[in-house]
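*Asks:* attaching a predicted model along with its sequence, questions to come.
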Amino acid sequence: QVHLVESGGGLVQTGDSLRLSCAVSGRTSGPNPLGWFRQAPGKEREFVAAISATGSTTYYADSVKYRFTISRDNTENTVFLQMNSLKPEDTAVYYCARRSGMNARRPDNYGDWGRGTQVTVSS
């Protein structure tokens, strides 16, 4: 069983930055592709960013490109999401997930999920 635990969320103002972390533990059989998703109240869960097992390839949603950066430290089994220039529309619960399928942008290609961390951006 694989466990993912997110941290780093909080309440910030427009233009501020936050760094989310996701610690991965359990039977991972080595580094896996990981992703970040978010879900705002009344909306579907949406893709934010993803990173390959080695960290050599990254993917971003258009809405966060050039503002958010995904990275990982495989020695610590941790993935990060650096979020800059935050906007009120970034307000959501952010989830970390381990990818088991081929499509990095589809939530149904991820088999293990964390419980999420709340990010609230005030205007």
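*Replies:* Nice, I can see it. Residues are numbered from 1 along each chain as shown.

*Asks:* distance of the nearest residue to Pro33 once chain neighbours are set aside relative to Glu44?
*Replies:* The shortest distance from Pro33 to any non-neighbouring residue, by C-beta to C-beta, 6 or more residues apart in numbering, is to Arg99 (4.0 Å). All C-beta atoms are positioned from the backbone trio N, CA, C, and that covers glycine. Counting by C-beta to C-beta, to the nearest Å, the separation of Arg99 from Glu44 is 18 Å.

*Asks:* need the contact list for the spatially most central residue of the chain.
*Replies:* Computing the C-alpha centroid of the chain and ranking residues by C-alpha atoms, centre = their mean puts Trp36 first, at 2.2 Å. Contacts of Trp36 were listed using C-beta atoms under 8 Å, 6 or more residues apart in numbering, and they are Leu20, Cys22, Val48, Ala49, Ala50, Ile70, Val79, Leu81, Tyr94, Tyr95, Cys96, Ala97.

*Asks:* if we go to 7 Å?
*Replies:* Residues near Trp36 by C-beta atoms under 7 Å, 6 or more residues apart in numbering: Val48, Ala49, Ile70, Leu81, Tyr94, Cys96.

*Asks:* for stretch 114-123, what is the average pLDDT?
*Replies:* pLDDT averaged over stretch 114-123 equals 97, rounded to a whole number.
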